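S.K.: Below: sequence and its predicted model.
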Amino acid sequence: MYKDTTILAIETSCDETSAAIVRNGREVLSNVISTQIDIHKKFGGVVPEVASRKHLENINMIVQEALQQAGINLEKVDAVAVTSGPGLVGALLIGLTTAKALAYSINKPLIGVHHIEGHIAANYIEHKELQPPFICLVASGGHSHIVKVKDYDSFEILGQTRDDAAGEAFDKIARALGLGYPGGPLIDKISLKGNPEAIHFPRAFLEEGSYDFSFSGLKSAALSYLNSMKMKDEKINIADVAASFQAAVVEVLAEKLIRAAVEHNSKYAVLAGGVAANSKLRQELQCLGSQRGIEVLFPSSILCTDNAAMIGSAAYYRYIRGVVSDLTLNARPNLTIGERV
Amino acid sequence: MLRIISKSAEQTYKLGEKLGKNLQQGDIICLTGDLGAGKTAFTKGIGAGLDVKEFITSPTYTIINEYNGSIPLFHFDVYRLEGVEEMYELGYEEYFFGDGAVVIEWADIVKDIIPQERLWVTILRSNEEDSREIIFDASGERYQNIVEELMQYADTSH
């Protein structure tokens, strides 16, 4: 008889302390996220020391809440999953130590998950029919990768940023425009009121055929523009700058993802990570995708952000293949995707 | 103190590369300059000088990136840190007094824990869009020697 698999998952790699209960990789029984953004807002960015301390204060409560919302006891859990990298080491360690203690206490397996593999798996929760292989763009504050998902546990990086991540570029420009943190949603919002063609910012497509990204030239161009306007004492139209900047980021991300999907014969072009919540990116991708016969998929906004349910989903596919970690699992700030953890 | 005018991002990279070739274990390079001034471009050059094969990407989110070259390169970006306490949390001593060269972007934020002997590099924007003024301020004999090696590139840029 078919037996359900219930996984308790924990994610603490950056801003969010999160715990979730996921059944059979696709069904979310609970997904509790304590957003720490209020604290970070004050500082205009992620403050790592503050992050670890808050994670420590939150973690036990969040795990309890996840169990309670799912209506199960810890003893009913079949495995404990946790993000083991990449991320801020102090933050990762809080989740990791908690997961180890819980797994040990119930004598169930521990499963380490790569944060980006988790973001990709968010789509398995959202789209029950989605199965590998497919092409996925993972774009967030710390990452901009085009990944070929060959199987649930087999990945090939086709392209990545050579300098700044897409979300980081959003954050830095938002800060320069005085919009605040996090930059992505704020730029998305104000861009609706701006003209995306007001200022032509450069698009870095790099060498022909490359799936890599580079956003530092665009960042410099936007900052130079702001600087020169200030020197000339001219008024800056924040909505126009935001919309034009966003258009430049989105055009390159969308074009490369769709091209990767076409060239690798993927039926799907899949979006993941915080930047996947950007409305302009979704719109542009759906437009390009329909022209090229590619189905564009993305998770709902709550699954784009860092959350533990996605970790539970990724962990399930390791669990059913017998790929588990042991209690020597360590935090790996520079963990590479596809690496066994 | 040495001032060099760089006319382009490529030239800034090349200067970084020259500096990278002269770096040894335990060297500390502090970098300051506005957003978009070219700190990461300069660090990419340092990486090339140290034979790092990977892409050097911005460590703004990760705070510390580590690369394997002829010697390890530890690339810090302390933009998000509030001050030195967080550097203790990150275990910075293991990097500063470790087996590689250290580059710290936005080093002024953690000034109090920077060793007395270091090379401080400031990159300033100028009125011309791509042009930058790069100032090398060495303290200690080791770093003065490094700057002397770079002196020859100053002459050609005048």
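M.R.: Yep, it's here.
S.K.: Please give me every residue in contact with the nearest residue to A:F205 once chain neighbours are set aside.
M.R.: In this structure, A:F205 finds its nearest non-sequential neighbour in A:V252, 6.4 Å apart by C-beta to C-beta, 6 or more residues apart in numbering or on different chains. The C-beta positions use only the backbone N, C-alpha and C, and glycine is treated the same way. Residues near A:V252 by C-beta atoms under 8 Å, 6 or more residues apart in numbering or on different chains: A:R203, A:A204, A:F205, A:F213.
S.K.: what about the third one, is that helix, strand or coil?
M.R.: In this case it means A:F205. Taking DSSP: H, G, I helix; E, B strand; the rest coil as the rule, one finds A:F205 in the coil state.
S.K.: Sort out which of the contacts of A:V252 are buried, if you could.
M.R.: The neighbour count (16 or more other C-beta atoms under 10 Å in any protein chain shown) marks A:A204, A:F205, A:F213 as buried among these.
S.K.: and of the residues you listed, the nearest to chain B?
M.R.: The nearest member of the buried ones among the contacts of A:V252 to chain B, counting by C-beta to the nearest C-beta, is A:F213 at 10.1 Å.
S.K.: Give the closest residue to the closest one in space, chain neighbours not counted.
M.R.: Per C-beta to C-beta, 6+ apart, closest to A:F213 is A:T161, 4.4 Å.
S.K.: Then A:A198?
M.R.: A:A198's closest residue in space is A:D240 (C-beta to C-beta, 6+ apart), at 3.7 Å.
S.K.: any idea how far B:R132 lies from B:W106?
M.R.: 17 Å (C-beta to C-beta, to the nearest Å).
S.K.: which of those two has more neighbours?
M.R.: B:R132 (24 against 19; other C-beta atoms under 10 Å in any protein chain shown).
S.K.: My understanding was that that one contacts B:K39; is that so?
M.R.: No: using C-beta atoms under 8 Å, B:R132 makes no contact with B:K39, being 10.4 Å away.
S.K.: Which residues are in contact with each of those two?
M.R.: Common contacts of B:R132 and B:K39 (C-beta under 8 Å, 6+ apart): B:G33, B:I123.
S.K.: so how far is B:I56 from the residue nearest to A:F213?
M.R.: For A:T161, the distance to B:I56 - C-beta to C-beta - is 11 Å.
S.K.: Helices of the chain, residue ranges please.
M.R.: All of this refers to chain A. Applying DSSP state H to chain A gives helices spanning A:37-43, A:48-70, A:89-106, A:115-126, A:166-176, A:183-191, A:216-231, A:238-263, A:279-292, A:301-304, A:308-319.
S.K.: other chain: chain B
M.R.: B:9-21, B:39-49, B:84-89, B:93-96, B:141-156.
S.K.: picking that back up, quick one, what contacts the residue nearest to A:F213?
M.R.: A:H143, A:S144, A:H145, A:D212, A:F213, A:S214, A:F215, B:F55, B:T57 are the contacts of A:T161 under C-beta under 8 Å, 6+ apart.
S.K.: Take those residues and write them to CSV, including distance to A:S154.
M.R.: Output for the contacts of A:T161, formatted as CSV (distance: C-beta to C-beta, whole Å):
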residue, distance to A:S154
A:H143, 19
A:S144, 21
A:H145, 15
A:D212, 21
A:F213, 23
A:S214, 27
A:F215, 28
B:F55, 23
B:T57, 24
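S.K.: Select from these the one having the most neighbours.
M.R.: In those, the most neighbours by other C-beta under 10 Å go to A:S144, 31 neighbours.
S.K.: Bridging across strands, which residues link to it?
M.R.: Beta-bridge pairing of A:S144 under DSSP bridges involves A:A139.
S.K.: give the contact list for it.
M.R.: A:S144 touches A:L137, A:V138, A:Q160, A:T161, A:A165, A:A166, A:G167, A:F213, A:F215, A:L253, A:V275, counting by C-beta under 8 Å, 6+ apart.
S.K.: Since that was my last question, I'll sign off now.
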